[in-house]
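[1] With the input below, show me the fold.
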Amino acid sequence: MVLKGILKKLIFLVIISIILVLIIDWHVKKIGGNNIISHDDDYKAQAAIVLGAYVSPEGILCDMLKDRVQTAVELYKSGKVEKILMTGDHSKTSYDEVNHMRKYAEQLGVPTKDIFMDHAGLSTYDSMYRARDIFCVKSAVVVTQKFHLPRAVYIANSMGINAKGVIADKHIYRGADYYEIREILARNKDFINVTLLKPKPKFLGPTLSITGDGRITHD
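    Model prediction:
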């Protein structure tokens, strides 16, 4: 009888936990999703924030990342944003997302001075925190794929950045179902981060205002 009672309590806790996870997931998707706009919407911001993704040892951007950079360049050329902030992982000399993102944007015609690099955007949360505190971004268009965008925009707005999001999907991506499932837990984690824990990023540093010359962030 005791074991049966314990089992019932465990089942109850599991059900409650699942419901809570799904509610938070819905909340983040809804709030973030309400701030997703199209290329044609009349909206202007200081910067496009381009979130990093895998770059090969040869410096080749994965399809998702290439599409993100292309979308940001389109926003820049249409006058929707004044600068582009490339944020990704360059915590080791052997792995560099942001310089290759920058070089690709330059190939597409963006002046070097208008491209900023955040070398320590190790997570979506860190990228938005640093966009606000290091790069002094007050308004932004966040550029990433549809599965990722609501969470990224939700974090940015929760941190006080006036942020909208533009979907960068130009292909059908391998592993899309996996990314969708993983986002459920990621949304819950970042909801806790922005509402309760509010951890500082692993790396901070001096301010480098997005209104200046992006070449100060180049290495």
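
[2] Go ahead and measure how far the host helix or strand of Glu106 is from the middle of the chain.
    Element membership for Glu106 (DSSP states H and E) is helix 98-107. Averaging C-alpha positions (Cα atoms, centre = their mean, to the nearest Å) puts helix 98-107 17 Å from its chain's average.

[3] Helix or strand for Arg187, just tell me which one.
    helix 176-192.

[4] Pull out the buried positions in that helix.
    Tyr179, Glu183, Ile184, Ala186, Arg187, Asn188, Asp190, Phe191 (16 or more other Cβ atoms under 10 Å). For the C-beta atoms, the positions are set from N, CA and C on the backbone; glycine is no exception.

[5] for stretch 80-87, same thing?
    Quick answer for stretch 80-87 (16+ other Cβ under 10 Å): Lys80, Val81, Lys83, Ile84, Leu85, Met86, Thr87.

[6] Would you format these as JSON lines with pLDDT and secondary structure included?
    Converted to JSON lines, the buried residues of stretch 80-87 look like this (pLDDT from 0 to 100; DSSP: H, G, I helix; E, B strand; the rest coil):
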{"residue": "Lys80", "pLDDT": "97", "secondary structure": "coil"}
{"residue": "Val81", "pLDDT": "98", "secondary structure": "strand"}
{"residue": "Lys83", "pLDDT": "98", "secondary structure": "strand"}
{"residue": "Ile84", "pLDDT": "98", "secondary structure": "strand"}
{"residue": "Leu85", "pLDDT": "98", "secondary structure": "strand"}
{"residue": "Met86", "pLDDT": "98", "secondary structure": "strand"}
{"residue": "Thr87", "pLDDT": "98", "secondary structure": "strand"}
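
[7] just to revisit the earlier point, against which helices or strands is the helix holding Arg187 packed?
    In this structure, helix 176-192 packs against helix 2-33, helix 124-133, helix 149-158, with contacts taken as 3 or more Cβ pairs under 8 Å, 6 or more residues apart in numbering; DSSP states H and E.

[8] Worst mean pLDDT among the ones you listed?
    Out of these, helix 2-33 stands lowest, with a mean of 93 (criterion: mean pLDDT).

[9] Sort out which residues of that one are buried, please.
    Residues of helix 2-33 classed as buried: Ile24, Asp25, Val28, Lys29, Ile31, Gly32 (neighbour count, 16+ other Cβ under 10 Å).
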